[in-house]
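>>> I'll drop the sequence and a predicted model, then ask my questions.
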2 protein chains.
Amino acid sequence: MTTKAATSSSVRLAAETWESLFRSQVAVMRRLQAGKAFKRLPIKEYDVLFTLSRCPTGKLRLNEINDHVLLSQSSLSRLVERLEKRGLLERSVAPDDGRGILLGLTDAGRELQKEIGREHVRDIAELVAPALTAEEQRELLRLTEKLQAFVAGK
Amino acid sequence: MTTKAATSSSVRLAAETWESLFRSQVAVMRRLQAGKAFKRLPIKEYDVLFTLSRCPTGKLRLNEINDHVLLSQSSLSRLVERLEKRGLLERSVAPDDGRGILLGLTDAGRELQKEIGREHVRDIAELVAPALTAEEQRELLRLTEKLQAFVAGK
DNA sequence: CATCGATACATGCAAATGCATCTATCTTGG
DNA sequence: CCAAGATAGATGCATTTGCATGTATCGATG
């Protein structure tokens, strides 16, 4: 049996861990989004282009992308609308599901993602690499992946 | 001297680490902000009350709070305005700096923070505690604190 | 295969956000 | 002590966001 005291301390530990994870994300994100590259395209919109660029098939459903970003379904719908208007991606109806929308980068979208991405990655490296040893980064990577995997499968 | 290959791999590691940290934060935050408690008060507004509740003096400057949240100065200014209108906090002029605004919780604000906080902490524990061992949580806590400390002092 | 609930995405509308700018106060150099 | 630049926070305004809801398609059930 778990004692009350042990439960309380495990709750506290979880809360402190999350708090620290969250604040570190805020601190890093604050710096990153101030990057010069994001004057060309807001970081949230960049993130959608990035997600598409990482996808092997090059196409993703709207709802798949929605799982990766912190936006409501309707906000993402309009964000994508803006990207399409700028000619950075194209919509098409999903072949196997008439309700679904497939998104794919245009050449211009792929190009812009790469340009911003290069600078963005440099900024990330400047913030993260000197803060933690390679070993620590690998451990942080492992732990956050494990956390994410658990939360996703719930 | 650092070789090109070593530099490239360290850059990649930093980028992957950040990406994973960020996505795990998105996944957890998505669940947390869906919590029933945040129908009473949006999570960003709760966060300001929480930050004030943790402060030993009970009072914080607007710009101090701004460092902890991912909001522009003007957005925070108006968020605080909403909280004041709801009677959850009070503004006062900073005694040592006529430009500064000191924020402090009202009794109602303290009470609401505690009520939401209790539920919020439970939700956090349900997501984080089963995902990682206590040892892993302590390590994640340590690493994110270290990252945050480095980024803050830059 | 007709119906009914569920799912995917779009849209009207009110609220929140950020940028640029404004005012007031502080700080510094002469 | 004064002027000039810096800093804290407020505000006008255009953009973005989310909630509620709408439309279309899908899937299961009788």
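Happy to help now that I have it.

>>> Do you have the strands of chain A handy? List them.
For chain A, applying DSSP state E gives strands covering A:59-61, A:89-93, A:101-105.

>>> Adding mean neighbour count, distance to DNA strand C and mean pLDDT as columns, could you present those strands in a markdown table?
The C-beta positions use only the backbone N, C-alpha and C, and glycine is treated the same way. Putting these into a markdown table (neighbours: other C-beta atoms under 10 Å in any protein chain shown; distance: least, C-beta to the nearest atom of the strand, whole Å; pLDDT from 0 to 100) gives the following:
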| stretch | mean neighbour count | distance to DNA strand C | mean pLDDT |
| --- | --- | --- | --- |
| strand A:59-61 | 17 | 4 | 98 |
| strand A:89-93 | 14 | 6 | 97 |
| strand A:101-105 | 19 | 4 | 98 |
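
>>> B:K146: which of these is closest?
Nearest to B:K146, of all the strands of chain A, is strand A:59-61, at 34.3 Å by C-beta to C-beta.

>>> The closest one: partners in the sheet, and parallel or antiparallel?
strand A:101-105 (antiparallel) (DSSP bridges).

>>> Using PDB, list the CA coordinates for the strand it pairs with.
C-alpha atoms of strand A:101-105 as PDB (Å, rounded to 0.1, in the frame of the first residue of the first chain):
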ATOM      1  CA  ILE A 101      -8.000  17.500 -46.200                       C
ATOM      2  CA  LEU A 102      -4.400  16.700 -47.200                       C
ATOM      3  CA  LEU A 103      -1.800  19.300 -47.000                       C
ATOM      4  CA  GLY A 104       1.400  19.400 -48.900                       C
ATOM      5  CA  LEU A 105       4.200  22.000 -49.300                       C
END
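
>>> Kindly reformat the strands of chain A as JSON lines containing distance to A:K36.
Conversion of the strands of chain A to JSON lines gives the following (distance: least, C-beta to C-beta, whole Å):
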{"stretch": "strand A:59-61", "distance to A:K36": "28"}
{"stretch": "strand A:89-93", "distance to A:K36": "23"}
{"stretch": "strand A:101-105", "distance to A:K36": "22"}
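
>>> Please name every helix or strand in contact with the worst-scoring helix or strand of chain A on mean pLDDT.
Every helix and strand of chain A was ranked by mean pLDDT, DSSP states H and E. The lowest is helix A:4-33, at a mean of 94. Secondary-structure packing of helix A:4-33 (3 or more C-beta pairs under 8 Å, 6 or more residues apart in numbering or on different chains; DSSP states H and E): helix A:107-128, helix B:4-33, helix B:107-128, helix B:134-152.

>>> Which one, of these, ends up nearest to A:E136?
When those are compared by C-beta to C-beta, helix B:134-152 sits nearest A:E136, at 5.7 Å.

>>> same for the closest one, what does it pack against?
Applying 3+ C-beta pairs under 8 Å, 6+ apart, one finds that helix B:134-152 makes contact with helix A:4-33, helix A:107-128, helix A:134-152.

>>> what's the pLDDT at A:M1?
Here, the pLDDT recorded for A:M1 equals 64.

>>> make that A:K154, sorry
80.

>>> could you measure it against B:R31, distance?
To B:R31, A:K154 is 8 Å away according to C-beta to C-beta, to the nearest Å.

>>> do the same with A:R54
From A:R54 over to B:R31 the distance is 23 Å, taken as C-beta to C-beta.

>>> higher neighbour count, the two?
Neighbour tally, A:R54 and B:R31, criterion other C-beta atoms under 10 Å in any protein chain shown: the higher count belongs to B:R31, 15 against 12.

>>> In this structure that one contacts B:V128, no?
No: applying C-beta atoms under 8 Å as the test, B:R31 and B:V128 come out as separate, 10.4 Å apart.

>>> Enumerate the positions of the least confident helix or strand of chain A that are buried.
Using 16 or more other C-beta atoms under 10 Å in any protein chain shown as the test for burial, helix A:4-33 gives A:10-11, A:13-30, A:32-33.

>>> Run the chain-centre distance for that helix.
Relative to its parent chain, helix A:4-33 has a centroid offset of 19 Å by C-alpha atoms, centre = their mean, to the nearest Å.

>>> does it come close to DNA strand D?
No: against DNA strand D, helix A:4-33 shows no contacts by C-beta under 7 Å from any atom of the strand, the least distance being 11.4 Å.

>>> how about that helix, does it get close to DNA strand C?
No: using C-beta under 7 Å from any atom of the strand, helix A:4-33 never reaches DNA strand C; the gap is at least 7.9 Å.

>>> Now do that helix against helix A:107-128, angle only.
Here the directions of helix A:4-33 and helix A:107-128 differ by 120 degrees (axes from the mean of the first three to the mean of the last three C-alpha atoms, to 10 degrees).
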